[in-house]
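Engineer: build the 3D model from these lines:
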Amino acid sequence: MAARSGGDKAAAKTTPAPAPRTAVLVFHGIGDQRPMETLLGVVDAVLGKPETDRAAARRKGAIPRWIKPYVGKDGSFDLKSVTTPALGLTEKRRYDFFELYWAHLMSGTRFVAVLLWLCDLAKRDRSSLPADARWIWFAAVTLLTAALLAAVHLLWVVGTGLIGLSWRDVAARAGLAAPQATVSFLVLAVLVGGFATFGLRKGWATGLGVAGIFLVFAALAAWHPLALLTLVPALASLVMFLGPVATAYGVAGTAGLSLVVALWGPVWAFVGIGQAGWPEGARLLDIALLTLGHPPTTLWLLVFLTLFVFLAWVFLVPYVGDCARYLRDAPDNIEARNRIRKLGLQVLQDLHDQRNGDGAPRYDRIVVVAHSLGTVIAYDVLRAFFVEQMASARLTDRVIAAFAAIDGLPADAIGEGTYAVAAVDGGLAWQRIGPGGTPSADAYQATVRQAFATFTAEQVSVAKGQIVASPWRISDFVTMGSPLAHAALLMTEAGTNKALDEKVSLREFPVAPPALSPGEDGRVLFAPKTQNPGMPPERPRLQHSAMFALTCWTNLYFAQRAGVKGDFIGGPIPPEHSPGTMNVPLETAISGGYFNHIHYWTAEAPSGDGTAHLRALKLAVLGVDACREVNRTRRILAAGETLAL
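Structural biologist: As a prediction, this is how the structure comes out:
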């Protein structure tokens, strides 16, 4: 027994240390997602597609990988992982890819919830959208307005039909009530306008504007009372759901669209194509505003409303529904959001808690990769996890000194600039595009990586035979097609950049570098005020929003044009809010360059692994050094074959 025990000790001494590991956690985006769909796309983009044929695998330098279930502390069998052998010539690092699958926690989205969210967006300031894509807002507002006007029109038709009245009977009765309606609206113009001006103290402009609406109704009651039956309930609903500005645009758009449809046939007949008569001039208002005064409109409105509901149910609910539920603060939505965030926190905690046989952390680096709405979810999970983990952080003198370069950054220290991928020494590196001179995001991220290395090194200690490691090992946050580019519109009530500035300044939303709030001296650290004057001052602590003083944020997006080219959902993270975020604009020929939101991990046919946006994703996930090591491994596996990596 003694001899065997000695042999075991000798074997233990010669057992090689486990290879260092990187965990890559992927958050999928919106739509009818299937488990592992996004995960495998990201893995293939980073490591190359796998091959079952050995000859093909050798030619392409395919990296072996295995899929296995991932069941954490409270995990699900739908959470799987992809693992690799040790890669590289020097470090021999292994990579484990995980997917945080959250679609099943956001099921059951209702059609009405999507419409209400779109109405909320319509009320907000559209100026934060790209100028050449604001037509999307206008088109959405026009469709919502037309649908509501059509619904009111059809309700009147059905209601009067049930009691046996024709539209002529309704018109006659409306004419009899016209004098009383005219006087009523005039009185309301004076009373409501006066109350807004003097009672609510909204000023003359607001008071006159409100009075003007009732004066228009009074004029319509005197001239064309039938129109009021649809306009009054429709406009009241539109102002309530869309707001006055969107209502004005929506009514103008609906009127223009209705007239185009009505005059389409007569215009072609005028040039000799087909036969169609011109509508009566007196009916143009009824046609434009979809009132009851033009009976032929009813059939067209029924067709339009049916198509609107069908297409919205088929396309909006499955794809936009997730955004509507996650981004809208309604009681039902908050419960679903919390379930998703709780799962994210559990998975991140489990990745931090996993250990090797020697008690050391299994992962010394964790990369979070997210797409579409998944970027917003990941952002929320990370900022909550940072607050939770920093309670146990050790801020030694070396850590405080490492944060000093970020803590004292002046407001204009980081210049604007975007980045592209350049081939360097068998690997890849970022190359700045745009004005030089002032240090930009790459210089800031170099400082962050130094702070991250120092912070993680200083957290290591031994307690009860267990190696205590850094509570925060998330080195990188990689976003693709992120709605965070439109955070002002999507994540503030007013939808303005000013409202977003306030939230950033109050440290609600972490940015890179961390915000310098009014009345504070540092971005990263703060010194708690000592309650007892006789006590020595407490050591500095980390701000709760200092996440991007330890984590580098790289944002990939297909540059959009006119809302149809590239990716309208994504875009650059505004440098005025987060100048330390590395924005990487991309282009692709996939689908002709149109609607590229789901193409971030799709290779272009002629380029394969050398596709520009795949190289950008690989570099963002692996980093410069690891990217070079992975490329070297693939070239060795290819045994002399030329690979475009």
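
Engineer: packing partners for the longest helix seen in the chain?
Structural biologist: Ranked by residue count and defined by DSSP state H, the top helix of the chain is helix 134-162. Helix 134-162 sits against helix 111-123, helix 167-176, helix 228-242, helix 244-270, helix 297-311, with contacts defined as 3 or more CB pairs under 8 Å, 6 or more residues apart in numbering; DSSP states H and E. C-beta coordinates here come from the backbone N, C-alpha and C atoms, glycine included.

Engineer: can you list the domains in this protein?
Structural biologist: 2-30+34-100+331-519+547-637, 111-327 (automatic domain parsing).

Engineer: got JSON lines for these, with mean neighbour count, mean pLDDT and distance to Ala527 too?
Structural biologist: Listed next are the domains of the chain as JSON lines, based on neighbours: other CB atoms under 10 Å; pLDDT from 0 to 100; distance: least, CB to CB, whole Å:
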{"stretch": "domain 2-30+34-100+331-519+547-637", "mean neighbour count": "18", "mean pLDDT": "87", "distance to Ala527": "11"}
{"stretch": "domain 111-327", "mean neighbour count": "17", "mean pLDDT": "85", "distance to Ala527": "36"}
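
Engineer: beta partners for Trp430?
Structural biologist: Under DSSP bridges, the beta-bridge partners of Trp430 are Val421.

Engineer: tell me the contacts of it?
Structural biologist: The contact partners of Trp430, taken as CB atoms under 8 Å, 6 or more residues apart in numbering, are 419-422, 442, 582, 584, 619, 624.

Engineer: same check, this time on Ser184
Structural biologist: Contacts of Ser184 by CB under 8 Å, 6+ apart: none found.

Engineer: quick one: contacts for the most centrally placed residue in the chain?
Structural biologist: Central residue of the chain (CA atoms, centre = their mean): Pro483, 2.5 Å from the mean position. Pro483 makes contacts with 323, 372-373, 375-376, 490, 569-570, as judged by CB under 8 Å, 6+ apart.

Engineer: 6 Å instead?
Structural biologist: Taking CB atoms under 6 Å, 6 or more residues apart in numbering, we find Pro483 in contact with 376, 490, 569.

Engineer: now the domains of the chain in JSON lines, with distance to Pro540?
Structural biologist: JSON lines is the format used below for the domains of the chain (distance: least, CB to CB, whole Å):
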{"stretch": "domain 2-30+34-100+331-519+547-637", "distance to Pro540": "6"}
{"stretch": "domain 111-327", "distance to Pro540": "35"}
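
Engineer: closest to Arg539 out of these?
Structural biologist: Arg539 sits nearest to domain 2-30+34-100+331-519+547-637 of all these, at 6.1 Å, using CB to CB.

Engineer: any idea how far the closest one is from the chain center?
Structural biologist: 16 Å (CA atoms, centre = their mean, to the nearest Å).

Engineer: same check, this time on stretch 157-171
Structural biologist: Counting by CA atoms, centre = their mean, stretch 157-171 comes out at 48 Å from the chain centroid.

Engineer: contacts for it, please.
Structural biologist: Against stretch 157-171 from outside (CB under 6 Å, 6+ apart): 226, 292, 295, 298.

Engineer: state the pair within the residues you listed that is farthest apart.
Structural biologist: Of all pairs in the contacts of stretch 157-171, the most separated under CB to CB is Leu226 and Thr298 at 13.8 Å.

Engineer: export the contacts of Trp430 as a markdown table, with columns for distance to Lys565.
Structural biologist: Formatted as a markdown table, the contacts of Trp430 follow (distance: CB to CB, whole Å):
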| residue | distance to Lys565 |
| --- | --- |
| Tyr419 | 20 |
| Ala420 | 18 |
| Val421 | 21 |
| Ala422 | 24 |
| Asp442 | 27 |
| Met582 | 23 |
| Val584 | 17 |
| Leu619 | 24 |
| Val624 | 30 |
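
Engineer: my read: Val399 touches Gln459, true?
Structural biologist: No. Counting by CB atoms under 6 Å, Val399 stays clear of Gln459, with 8.5 Å between them.

Engineer: can you pull the contacts of Glu37?
Structural biologist: Contacts of Glu37 (CB under 6 Å, 6+ apart): none.

Engineer: okay, it and Arg168: tell me how far apart.
Structural biologist: Remark: distance between Glu37 and Arg168 (CB to CB, to the nearest Å) = 58 Å.

Engineer: cool, Ala370 as well?
Structural biologist: Separation of Ala370 from Arg168 (CB to CB) stands at 60 Å.

Engineer: tilt between the longest helix of the chain and helix 228-242?
Structural biologist: Angle of helix 134-162 versus helix 228-242, following axes from the mean of the first three to the mean of the last three CA atoms, to 10 degrees, is 140 degrees.

Engineer: what's the angle between the helix or strand harbouring Glu335 and helix 111-123?
Structural biologist: In the assignment (DSSP states H and E), Glu335 maps to helix 331-353. Interaxial angle of helix 331-353 relative to helix 111-123 (the same axes, to 10 degrees): 90 degrees.
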